[in-house]
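Chemist: here's a sequence, model it:
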Amino acid sequence: MGICWTIQRTKLGWGTVVVAGLAGAFLAGRMSGSGSSLSAPVATSAAIGKIDASATAVGENFSLATGLVSDEAEGVFVLDHASGLLQCSVLYPRAGQFGATFQCNVKESLGGAGKNAKYLMVTGTAQFPGGSNRPSANCVVYVLDQSTGAYVCYGIPFTKALVNQAAPQVGVMLPLAVGKAGQGVDRDAVR
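Modeler: Numbering: from 1, shown residues only. This next block holds a predicted model:
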């Protein structure tokens, strides 16, 4: 039932450091039970530039994560633990609304976990080569079944050019790779 937030530092430098510092100070105040709030001035997005941040939250029934799907669009990933439905909704910044939706059922890739399955979910970055039949989003999402240790990596078949046109996209997330935690590596087989 814990929540984990991650802010990644990028090539943007001081703007990201300021936001990370403010977020850290806020969380430290909240966790200490002091109830104090920040009194430091908050910089506007124009002052600090573009921020590349990702976040993950895990609850009893749902997991939530964000990830940068393209240079201009961010996706929010929602995983329903009971049904196994994983959905990615991509925000089109110029339109100010969700313009793309991709989904899949993680139970199909993870061996059909039970009704009370508990998952962990995080996003990562990936650069797939152009012309590939692989997903074209800059983001992948990883899902782990806590009861079995099985995990899967999904790619998003996102078309970046459709964002500028505000054209809707609907598709299925693609399982790229699967694995299982706790399995030893056979070094002889790797050679």
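Chemist: who are the contact partners of residue 124?
Modeler: By C-beta atoms under 8 Å, 6 or more residues apart in numbering, residue 124 lies in contact with 67, 139, 140, 141, 142, 153. From N, CA and C alone the C-beta is placed, and that goes for glycine too.
Chemist: for residue 102, see how far away it is.
Modeler: Between residue 124 and residue 102 the distance is 16 Å, computed by C-beta to C-beta, to the nearest Å.
Chemist: same deal with residue 140?
Modeler: 12 Å.
Chemist: overlap of the contact sets of the two?
Modeler: With contacts defined as C-beta under 8 Å, 6+ apart, the residues shared by residue 140 and residue 102 are residue 156.
Chemist: between the two, who's got more neighbours?
Modeler: Using other C-beta atoms under 10 Å, the more surrounded residue of residue 140 and residue 102 is residue 102, with 26 against 21.
Chemist: is the more buried one bridged to anything, and to what?
Modeler: When bridges are called by DSSP bridges, residue 102 pairs up with residue 88, residue 171.
Chemist: report pLDDT for it.
Modeler: According to the predicted model, the pLDDT of residue 102 comes to 96.
Chemist: what's the spacing between it and residue 175?
Modeler: Note on residue 102: its distance to residue 175, by C-beta to C-beta, is 12 Å.
Chemist: and what of residue 86?
Modeler: Here the distance between residue 86 and residue 175 works out to 10 Å (C-beta to C-beta).
Chemist: ok, residue 156 next?
Modeler: 12 Å.
Chemist: picking that back up, looking at residue 86 and residue 175, which is more packed in?
Modeler: Neighbours per residue, other C-beta under 10 Å: of residue 86 and residue 175, the larger number sits with residue 86, 24 against 16.
Chemist: for the more buried one, which non-adjacent residue is spatially closest?
Modeler: Taking C-beta to C-beta, 6 or more residues apart in numbering, and ignoring the residues beside it in sequence, residue 86 has residue 79 as its nearest neighbour in space, at 4.8 Å.
Chemist: neighbouring strands for the helix or strand containing the one you found, and are they parallel or not?
Modeler: Residue 79 is part of strand 74-80, with elements assigned from DSSP states H and E. Paired strands of strand 74-80, with direction, are strand 62-68 (antiparallel), strand 85-92 (antiparallel) (DSSP bridges).
Chemist: buried residues in the longest one?
Modeler: Applying a neighbour-count criterion of 16 or more other C-beta atoms under 10 Å, the buried positions in strand 85-92 are 86, 88, 89, 90, 91, 92.
Chemist: okay, angle between the helix or strand containing residue 99 and strand 85-92 too, please.
Modeler: Here residue 99 is covered by strand 97-105, with elements defined by DSSP H and E. When axes from the mean of the first three to the mean of the last three C-alpha atoms, to 10 degrees is applied, the directions of strand 97-105 and strand 85-92 differ by 160 degrees.
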